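K.L.:
Here is a sequence together with a model predicted from it:
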Amino acid sequence: MTITITKYVQIGILLGCIATVGALQRLAAQGLPDVSGRRPPTPEEIQMEKARLKQAGKERQAAIKKDTDKLLRLATELKQYVDKSNENTLSMDVVKKAAEIEKLAKEVKDRMKEGY
């Protein structure tokens with residue numbers, strides 16, 4: 001029984017694949033970069049990321065609260081302007097106030113969507 005060159009090539013490819021898999025397993029076990037070039041995060045990095053996300057959420061919530069308080073104040077002012085006007089007069093202040101409310105409301109809406 002003779003072994004042809006094709007068989008030698010096939011055996012060589014198989015041994016090369018086995019060696020590559022073994023090397024990748026050793027690298028993964030050592031926490032070194034995998035084939036994507038990234039290493040798994042350390043527990044400290046995971047904890048820091050969780051803390052950062054929690055702080056960002058608190059800041060986002062505080063900004064939303066501040067902006068909704070401002071929206072309430074602006075809407076109250078708009079109502080007062082409208083109450084002072086009559087059916088024949090509508091001041092530019094009313095139009096500007098309405099535009100300001102619209103802009104702030106969109107910002108609040110967008111900020112609320114960031115959390116999802």
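P.N.:
Noted; the coordinates are in hand. A quick note: this is a predicted structure, and the numbers were derived from the prediction, not measured.

K.L.:
lowest-pLDDT helix or strand in this structure?
P.N.:
When each helix and strand of the chain is scored by mean pLDDT, DSSP states H and E, helix 5-30 comes last, with a mean of 71.

K.L.:
other SSEs contacting that helix?
P.N.:
Packed against helix 5-30 by the contact rule (3 or more CB pairs under 8 Å, 6 or more residues apart in numbering; DSSP states H and E) you find no helix or strand. Quick note: C-beta positions are derived from backbone N, CA and C, even for glycine.

K.L.:
How about it, which residues are buried there?
P.N.:
Going by neighbour count (16 or more other CB atoms under 10 Å), nothing in helix 5-30 comes out as buried.

K.L.:
That helix: what's the following helix or strand?
P.N.:
In the C-terminal direction, the helix or strand that comes right after helix 5-30 (DSSP states H and E) is helix 43-84.

K.L.:
average pLDDT across that next one?
P.N.:
Along helix 43-84, the predicted confidence averages to a pLDDT of 91.

K.L.:
And stretch 95-104, by the same measure?
P.N.:
Throughout stretch 95-104, pLDDT has a mean value of 91.

K.L.:
Buried residues, it. List them.
P.N.:
Within stretch 95-104, the residues that qualify as buried are 97, 101, 104, counting by 16+ other CB under 10 Å.
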